[in-house]
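# generate a structure from the sequence data that follows.
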Amino acid sequence: KPLIFSSYLFSSSRLSFQLANLKMDIADEESPNTYVIRPAYEAKFKPREVGALVHEVVKAHLNDKTYDTTEALGWAQAISDDVKEKCKGLGLERYKIVVQSVIGEQRGEGAKMAARCIWDADTDNCAQDVFQNESLFCVTAAYGVYFY
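Have a look, this model is predicted:
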């Protein structure tokens, strides 16, 4: 479809103007917008699926362990890396996966943990799992933040 653009050229020395008609042909097919700002519903971070995955990984790593200060750091790193790799297998494209794992000794004391995040409530989410046995506890949280 041809579009007609009209422009007026004014002359400062005279009070005259010219009308110029420009014609521009636009292709019938317009290219679709390829910039995606929201994931499809099927591609969103699903806390229930990720939470089950986190539970399986933590249980596999710590089920038969007793707390050891020197090894706890390595266990936490291994759990975090394993959860992150398995989350990538879920097909969460354009999601930044952040995993935090804390291991502590069971001494009959209480422990409180909190996290704050600034994110888009429509696309970003988190999943967590708490594991306990006679000698240790482990809190693991996986955060999925959509990359725009």
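
# helix or strand: which one has Arg48?
helix 47-62 (DSSP states H and E).

# now find how far off-centre that helix is within its chain.
18 Å (CA atoms, centre = their mean, to the nearest Å).

# what residues sit buried inside that helix?
Val50, Gly51, Leu53, Val54, His55, Val57, Val58, His61, Leu62 (16 or more other CB atoms under 10 Å). In short, each C-beta sits where N, CA and C put it, glycine included.

# cool, stretch 135-148 as well?
Leu136, Phe137, Cys138, Val139, Thr140, Ala141, Ala142, Tyr143, Gly144, Val145, Tyr146.

# and stretch 73-89, by the same measure?
Per 16+ other CB under 10 Å, stretch 73-89 contains these buried residues: Trp75, Ala76, Ile79, Ser80, Asp82, Val83, Lys86, Cys87.

# and if you look at stretch 120-132?
Thr123, Asp124, Asn125, Cys126, Ala127, Gln128, Asp129, Phe131.

# give me the subset of the residues you listed lying in strands.
Members of the buried residues of stretch 120-132 lying in strands (criterion: DSSP state E): Asn125, Cys126, Ala127, Gln128, Asp129, Phe131.

# what does the lengthiest helix in the chain contact?
In the chain, ranked by residue count with DSSP state H as the criterion, the top helix is helix 69-88. Helix 69-88 has contacts (CB atoms under 8 Å, 6 or more residues apart in numbering) with 50, 53-54, 57-58, 61-62, 65, 97, 99-105, 136, 138, 140, 142, 144.

# could I have the CA atoms of it written out in PDB?
Below are the C-alpha coordinates for helix 69-88, written out as PDB (Å, rounded to 0.1, in the frame of the first residue of the first chain):
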ATOM      1  CA  THR A  69      33.300 -28.900  59.400                       C
ATOM      2  CA  THR A  70      36.100 -29.500  56.900                       C
ATOM      3  CA  GLU A  71      33.800 -31.300  54.300                       C
ATOM      4  CA  ALA A  72      30.600 -29.200  54.700                       C
ATOM      5  CA  LEU A  73      31.900 -26.500  52.300                       C
ATOM      6  CA  GLY A  74      32.600 -29.000  49.600                       C
ATOM      7  CA  TRP A  75      29.200 -30.600  50.100                       C
ATOM      8  CA  ALA A  76      27.500 -27.300  49.800                       C
ATOM      9  CA  GLN A  77      29.400 -26.400  46.600                       C
ATOM     10  CA  ALA A  78      28.700 -29.800  45.100                       C
ATOM     11  CA  ILE A  79      24.900 -29.500  45.900                       C
ATOM     12  CA  SER A  80      24.700 -26.000  44.400                       C
ATOM     13  CA  ASP A  81      26.500 -27.100  41.200                       C
ATOM     14  CA  ASP A  82      24.500 -30.200  40.800                       C
ATOM     15  CA  VAL A  83      21.200 -28.400  41.300                       C
ATOM     16  CA  LYS A  84      22.200 -25.700  38.800                       C
ATOM     17  CA  GLU A  85      23.200 -28.300  36.200                       C
ATOM     18  CA  LYS A  86      19.900 -30.200  36.600                       C
ATOM     19  CA  CYS A  87      17.900 -27.000  36.400                       C
ATOM     20  CA  LYS A  88      19.500 -26.300  33.000                       C
END
